[in-house]
Each structure stands twice: as structure tokens, then as C-alpha cells.
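Colleague: Kindly return the folded structure for what I paste below:
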Amino acid sequence: MPERDRSIIKVIGVGGGGSNAINHMFNQGIKDVDFVVVNTDAQALKNSPVPNRLQIGAGLTEGLGAGANPERGRDAALESQEQIREFLDDGTKMVFITAGMGGGTGTGAAPVIARIAKDLEILTVGIVTAPFLFEGRKKRQQADLGIAELRANCDTVLVILNDKLREIFGNLSISQAFAQADNVLTTAAKGIAEIITVPGYVNVDFEDVKTVMRDSGAAVMGSATTSGDSRASRAAEQALASPLLNEKDIHGAKKILLSIVSGSKSELQMDELSEITGYIQEKAGEDAEMIFGHGIDDALGEHIRVTVIATGFDKPDEEPVVVEQRKVTDLLTNRSVVKPVTSPPPAETKRIFSAPLSEKPKSEPRPMSERNPAQPKWDAPSADDTPKETSVLEPTSRFSFTEPEPTSPPPPVEPPQREPARTPEMPENHWEKRQRLLQEQARERVRKLKGMGSRSFMESTDLKMYDEPAYLRRNVVLQKLPHSSDTNISRYSLTEDNEILGNNKFLHDNVD
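Modeller: As a prediction, the model looks like this:
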């Protein structure tokens, strides 16, 4: 790597998707950072405009790529880990690792590079994309496992869902869709890096960013660019309403990194700064620690760009076990019994590439026999009135389908019957949440289509009913009738004075 212009911040693209993103960032330009592309594909490295390139796994892959196999990508990174450590151990303080999850090199090698950076006490930030829905189920599963492994080795990880880009930009060509994904990765890396590297009136140094991002776990990002009246409030609102946040509320985030960039033609006003910071602080909560920076970008003109990165959310595996209260009425005594129902803690994410997908013992449903310790609570209310009758009739008279009979254990056949259907194919992640969201959207569309012919249709056509007569809406052709002032009398009719018309050829004026 060249000794000149050495920066404390490196942006590393791993694999094909990460290298494409780095090429885009390199062409767009991020001030005072070093770009590095890492790949197993020698041809892709040769075509990259980035001067700093590292081929990993040359002996294993022979420069032909990882073949969409994350295990092969991981082994390639382990083969070249000394080279990786050498170019990181040169005074680097912060490293961005960007990759497209789901492939071979990016999914397998990115966690290894992140672990080496963490061992060198470098602030490590992962910015990765999850694959589009059309890229297939297998690739999504590999992406989920790769993201889980990356989170275990990074201080914070920002995941961009590619399918969310369709909600922003609509239907695009394939090349445009991936280009927009590169744009989002560039916005994220540039928004964080230039808070440090670009001096501003409100300056933020590396230690400030380190405070926000060190060991912060999952992160979400929203960004918006606005101009005109109320541009500050609209930018803050649109940034938090961005589909990139994956419909996640930033409330509960422990740390907020806020980047505000304005154009030189219309610099940010103090009132606008107060509006933005006040709105973000209100939505995040008063306990959230917020660090913001402000810079000038001549390319923005009269626009302002607000980028919000929220970190420090509570992890799912650290949440306490939820204890629900179940109310059951005893039919013998007509008295209510409240029983706690404890759900098992969520399954932990295992190491990705060695464990099979089906090994998830913690997600198995609890057999009903494990709930027998709560059985004495059923006997307590009935013992006050008729103890003898209760002991005899309680197994048959209680109206409950969830409690086993006290005299005999539950049949052992039921859990194995449910086990194949409940065995998950992959860990609980954002893909399952996305599938549930898509199913809900599909049901909503069905409800809208069913209502097209009834109330919703009538509501949408109310104005037309008042503007256009009914016979025109129904295409009824009416006969043309004379005006009421015209005389509608034929030659064979009487006049209005009850006299016969004189122009009748069958009647002569001179009567014989």
C-alpha cells in the first residue's frame, strides 16, 4: 500500500458486491479515507479502479473465486490472514467493511477480516446489503448466517435490505437496482467517515464516533435530502420515515450519530439545527446519547441532507423472558385462577459455516408434561369448598385443552407430530419478519380487491354520480322529443280547439 496520503480510516470491499460498492465510492469520492478491495477473483480485482487490492486464497481458489460457497470464502481469508493483518496494522484506527451478503467471498471472508481488525483494537463497522428477494432462498439463508457471524466480530453492523430500495425508487432495471444499493452503501460510509474527516462549524473527532459505535451491536440508518420551506423539519421526519430503517423505531436506541450537511448557497440556520436535533432526540428518547456533526457540501446547493444512524438497541437474546398471565375459570367453584405462562428464551445464533441449519434445539416446543409443576395451583381454589368432589371430578369437569390429566401422562406422540413442522430452516431474523410483512401486505391487497365492487367503489365514484346523469352513465339512448311549446298534432288529429284540421285529403271542405 502506498505510504503517501495514509489515513486512519479504511473502507474495505469484500467479494464481488463489496468491490462494486467500493468502486462506486472511489468514483464518488470520500474525503481522507483509504479504499481497499479484497476478493478471491483475480479478474475482478484487475478490473477495479481502486489502487489498493488484495487477492486472498490464491492457493485455494487459484484466483477463480469462491463459487458462491461461504465456507470456501472463509478458508480463503484464513489462508491470507497474515496479509490482511499486515495492511491493517499500519496505524489504522477505524475500518468499514462492506460486502454483499449471500455470496461466497463476501459472506465467508468479511467476518474473518472483521475479527482480525477487532483483534488489533480497530473500530470495526460493517455496512452490508441483504440480497433481493428474486435472488433465491438459499442465498438469503446464507446471507442471514453471514450477517450473524459478522455481528459477532464487529462493533456495529448496518444492514441495508435491498428489497426496501424498491419502496423508495420503484420498479428499476437490474443494473439500476444494484446501482441504487451501491448509492446507499456510499451514503452510509460517507455519512460516518466525513463526520470525522471533514471539518465543520460543529466538529466531531474520531473519539466521539468511537464512543457511539464501540460495541454497539445492530444499527439502522435513515437519510433524507430536502429543500425549500420547512426543509429542516421535513428532512428529519423523512429520515426517520425512510424504508431503509426497515420499519424500526429508533426509540430505545442508546446512541445516535447525526450527520447534517448543507449546501453553500443556503447554509443551515440555528433554528433549523434546533428543529432537527430536537426532533431526533424526542423520537430516540431523552436517555439516548446523540452526537451530531455539521458540514458544507457545495454540490447540495440549497438542499440539506440529514443522515441518522442509531445504535445500541437491546439484542433479542438479552431480553427477559416474557411472563404472561393466563386466566382460567374452574367450572366446579366458578372461581378464576391466574397462572403464569413462561415462554422459552429465543434461540442463540450459532457459528454459521460449520453447524447445520436444522440444529436448533432451543426453538423446539416445550412438551406439555413440563408444565406439571404448575398443577398444584389448580387444586387450591377447589379445596376451599368441596375437597372430595374436586379430587374426583377435577380431571373431567375442568374446561381446558392445554392442561394434561393428572392421573395419566400426556401421549408422547403429539410432540413428534408437531416437530417436523416447527423445525426452523434458519434462525429468527429479518427475512422471516419480511415474509410475515409480505403476507400481511398480500392479505391487505385481497381485502382491497374484495371491496372494489361495493362500498370502496361507491365512495370513489360519488363525485361522478353528481356530475353525470344516470342515463348517460348507463348509456341509455333517449328519443328526441319536441319542445313543450311546439304543437304536436298530426293531420289526423284534432286541433287544440277540438276541430278537425283542414289539410286532411280524405275530407273535403265543402260538405255535400
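Colleague: Pull out the CA atoms of the top helix by length along the chain and give them to me as CSV.
Modeller: When the chain is parsed with DSSP state H, its longest helix is helix 174-197. Once non-C-alpha atoms are left out, helix 174-197 reads as follows in CSV (Å, rounded to 0.1, in the frame of the first residue of the first chain):
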residue,chain,number,x,y,z
ILE,A,174,-31.5,-4.8,-12.7
SER,A,175,-28.4,-2.6,-13.2
GLN,A,176,-30.2,0.4,-11.7
ALA,A,177,-31.3,-1.6,-8.7
PHE,A,178,-27.8,-2.7,-7.8
ALA,A,179,-26.5,0.8,-8.5
GLN,A,180,-29.0,2.2,-6.0
ALA,A,181,-27.8,-0.3,-3.5
ASP,A,182,-24.2,1.0,-4.1
ASN,A,183,-25.5,4.5,-3.6
VAL,A,184,-27.0,3.6,-0.2
LEU,A,185,-23.7,2.0,0.9
THR,A,186,-21.9,5.1,-0.2
THR,A,187,-24.2,7.3,1.7
ALA,A,188,-23.7,5.3,4.9
ALA,A,189,-19.9,5.1,4.7
LYS,A,190,-19.6,8.8,3.6
GLY,A,191,-22.0,10.0,6.3
ILE,A,192,-20.0,8.4,9.1
ALA,A,193,-16.5,8.9,7.7
GLU,A,194,-16.8,12.6,6.7
ILE,A,195,-18.2,13.4,10.2
ILE,A,196,-14.6,12.8,11.2
THR,A,197,-12.6,13.9,8.2
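Colleague: what angle separates the next helix or strand after it from helix 174-197?
Modeller: Counting by DSSP states H and E, the next helix or strand C-terminal to helix 174-197 is helix 206-213. Interaxial angle, helix 206-213 versus helix 174-197 (axes from the mean of the first three to the mean of the last three C-alpha atoms, to 10 degrees): 120 degrees.
Colleague: The chain should start at 324 in everything you say after this.
Modeller: Let's use 324 as the start, then, which means that last one is helix 529-536.
Colleague: Mind listing what's buried along helix 529-536?
Modeller: For helix 529-536, the neighbour count (16 or more other C-beta atoms under 10 Å) marks Asp531, Val532, Val535, Met536 as buried. The C-beta positions use only the backbone N, C-alpha and C, and glycine is treated the same way.
Colleague: just stretch 358-366 next, same as before
Modeller: So for stretch 358-366, counting by 16+ other C-beta under 10 Å, buried means Phe358, Val359, Val360, Val361, Asn362, Thr363, Asp364, Ala365.
Colleague: how far away is the nearest residue to Leu446 once chain neighbours are set aside from Ala389?
Modeller: In space, Leu446 comes closest to Met417 once its chain neighbours are excluded; the distance is 4.4 Å by C-beta to C-beta, 6 or more residues apart in numbering. Remark: distance between Met417 and Ala389 (C-beta to C-beta, to the nearest Å) = 27 Å.
Colleague: that older thread, the residue nearest to Leu446 bridge partners, please.
Modeller: For Met417, the residues forming beta bridges with it (DSSP bridges) are Ile332, Leu446.
Colleague: Pull the number of nearby residues for it.
Modeller: 23 (other C-beta atoms under 10 Å).
Colleague: now Val631, what's its secondary structure?
Modeller: With DSSP: H, G, I helix; E, B strand; the rest coil as the basis, Val631 sits in strand.
Colleague: and what of Ile335?
Modeller: Ile335 - assigned by three-state DSSP - is strand.
Colleague: Can you tell me how far it is from Ile407?
Modeller: Taken as C-beta to C-beta, the span from Ile335 to Ile407 is 9 Å.
Colleague: do Arg796 as well
Modeller: As judged by C-beta to C-beta, Arg796 and Ile407 stand 73 Å apart.
Colleague: circling back to that earlier point, Gly340: which of the buried residues of helix 529-536 is nearest?
Modeller: Met536 (22.6 Å; C-beta to C-beta).
Colleague: Surely the closest one touches Leu446?
Modeller: Yes: between Met536 and Leu446 there is a contact under C-beta atoms under 8 Å: 6.3 Å.
Colleague: Can you work out which residues contact both of these two?
Modeller: Asp478 (C-beta atoms under 8 Å, 6 or more residues apart in numbering).
Colleague: who's in contact with Leu443?
Modeller: Counting by C-beta under 8 Å, 6+ apart, Leu443 touches Arg408, Leu411, Asp412, Thr415.
Colleague: what about the longest helix of the chain, average pLDDT?
Modeller: When pLDDT is averaged along helix 497-520, the result is 82.
Colleague: cool, stretch 407-419 as well?
Modeller: Here stretch 407-419 scores 89 as its mean pLDDT.
Colleague: which other residues reach that stretch?
Modeller: In contact with stretch 407-419 (C-beta under 8 Å, 6+ apart) are residues 324, 329, 331-335, 359, 361, 375, 377, 379, 400, 435-436, 439-440, 443, 445-450, 512, 515-516, 519, 529, 532-533.
Colleague: Just the buried ones among those, please.
Modeller: 331-335, 359, 361, 375, 377, 379, 400, 435-436, 439-440, 445-450, 512, 515-516, 519, 532.
Colleague: mind listing what Gly338 touches?
Modeller: Counting by C-beta under 8 Å, 6+ apart, Gly338 touches 361-363, 389, 396, 422-423, 426-430, 432-433.
Colleague: Mind putting those into TSV with secondary structure, distance to Leu383 and pLDDT?
Modeller: Shown next, in TSV, are these (DSSP: H, G, I helix; E, B strand; the rest coil; distance: C-beta to C-beta, whole Å; pLDDT from 0 to 100):
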residue	secondary structure	distance to Leu383	pLDDT
Val361	strand	14	94
Asn362	strand	13	93
Thr363	coil	8	92
Ala389	coil	9	83
Gly396	helix	10	91
Ala422	strand	19	92
Gly423	strand	21	91
Gly426	coil	16	88
Gly427	coil	12	90
Thr428	helix	11	92
Gly429	helix	16	90
Thr430	helix	16	93
Ala432	helix	11	93
Ala433	helix	17	94
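Colleague: who wins for most neighbours among those?
Modeller: For the contacts of Gly338, neighbours were counted using other C-beta under 10 Å, and Ala422 has the most, 36 neighbours in all.
Colleague: Let me see the ranges of the helices in the stretch 524-673 of the chain.
Modeller: 529-536, 554-563, 593-607 (DSSP state H, counting those that start in this stretch).
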